[in-house]
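Asks: Have a look at this prediction, sequence included:
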Amino acid sequence: MSDLLRDLWYFAAPSRELKRGEMFRREILGDPVLLGRDEEGRAFAMRDICPHRAVPLSAGRIVSNDGVQTVECPYHGWRYGTQDGVCKLIPSLVEGQPYDAGRIRVRHFPTHEANGIVLVFVSSDPKFAGAAPPAPEFGLAELTEPKFVIHRVFAAAMDNAVVGLMDPAHVPYVHNQWWWRPPSTGKKLKEKRFVPRERGWSIERHKPASNSLAYKYLFGGDVTTEISFMLPGFRWEVVETPRSRLFTLTCLTPENENSTRITQVTYWRDAIWLDLIKPILIPAASEFLDQDGRMVDLQNSGLAYSPSMLWIDDIDVQAKWYLKLKREWAKSREENRDFVNPIEPVTLKWMS
Ligand code: FES
Ligand SMILES: [Fe+2]
């Protein structure tokens, strides 16, 4: 556990955090990354270290250089294209000094913006300048604008955060608030069909658990849910009735080996009652994340002693799959071949 996967798209930020003409610094996979939106409205991402003398470019400003949008370093004014990271100007050069600024390039991360979120492609080759592979498709379709976005930073390695996210057995103990899973509802036998899908798996469409009160009261009887996971750390849950649709996309992005940013993006359509209770939904969803965060902190006090961990059937099969998918991803990169999903369709059972 702990190798961070590359050559994949990671969640960077909600679109609305990237304001036109502004930029900010964030750590992604151990690199400081400058995220911003240029004056033409395009999101961009580059390594937040000026190749000249290492000053963070995020302390500079966005300026147009001969009609090209650039980030200007605050130290000596070198300018880098927002869309390619190539140096467009070294202001100190004079006539007759033929130094070619275009040979200098700050690491540039391809970005993809859709459905109100911005993803960045993190290549294994820091000099990568080609076309990134297609960004992941979550099936958000017409859900173009998130209703709300919440995030937390967990003091956890990526793997631990992902495993915690997909662990069904902790729900009745950690998330047992009265309106969600009161202890009085007891545990029920869960039996779910899992099928492989692109770099991950899905739990086939099913009726939500009858001991999950919120779903029952908010959606009534005619409701189904579908849950999917995809490398490197995307989990999404669709709750649907013939009329309405609720979509929760949870994105994990490692800041570094010991810290993981978790962002939950929530969408819905044709659900007026969700619009009505939105003011209480946001703190409720935040409470979920905080409950997980507190457990991560507790777990850290044990992990400090590097114990080995146990994986129990069937409840931990997903955790094992995640590690298997990671290994296959790393191997397929190494061997320069297509990724082959190692998961077989299976029905898993557990009490929760
Ligand atoms: S440090 Fe950035 S231009 Fe000199
Ligand atoms: Fe949780």
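Replies: Cool, the structure landed. Ligands and ions are numbered 1, 2, ... in the order given.
Asks: Show me what from the protein comes close to ligand 1.
Replies: Contacts of the chain with ligand 1, taken as C-beta under 6 Å from any ligand atom, map to 50, 52, 53, 55, 73, 75, 76, 78. All C-beta spots, glycine's among them, are computed from the backbone N, C-alpha and C.
Asks: Could I get the full set of strands for the stretch 251-352 of the chain?
Replies: 259-269, 346-351 (DSSP state E, counting those that start in this stretch).
Asks: Tabulate those strands (a markdown table), appending mean pLDDT and mean neighbour count.
Replies: Below are the strands of the stretch 251-352 of the chain laid out as a markdown table (pLDDT from 0 to 100; neighbours: other C-beta atoms under 10 Å):
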| stretch | mean pLDDT | mean neighbour count |
| --- | --- | --- |
| strand 259-269 | 97 | 21 |
| strand 346-351 | 91 | 14 |
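Asks: Now do the buried residues in stretch 32-49.
Replies: By 16 or more other C-beta atoms under 10 Å, the buried positions in stretch 32-49 come out as 32-38, 43-49.
Asks: and what of stretch 126-144?
Replies: Going by neighbour count (16+ other C-beta under 10 Å), the buried part of stretch 126-144 is 128, 132, 135, 136, 138, 140, 143.
Asks: how close does the residue most central in space within the chain get to residue 138?
Replies: The residue lying closest to the centre of the chain (C-alpha atoms, centre = their mean) is residue 251, at 2.7 Å. If you measure residue 251 against residue 138 using C-beta to C-beta, to the nearest Å, the figure is 10 Å.
Asks: what touches both of those two?
Replies: By C-beta atoms under 8 Å, 6 or more residues apart in numbering, residue 251 and residue 138 have these common neighbours: residue 234.
Asks: Need the pLDDT of the residue in the stretch 101-250 of the chain that ligand 1 sits nearest to.
Replies: The stretch 101-250 of the chain approaches ligand 1 most closely through residue 106 (9.3 Å), counting by C-beta to the nearest ligand atom. pLDDT for residue 106: 98.
Asks: now the one 10 residues further on
Replies: In this model, residue 116 is scored at 98, pLDDT.
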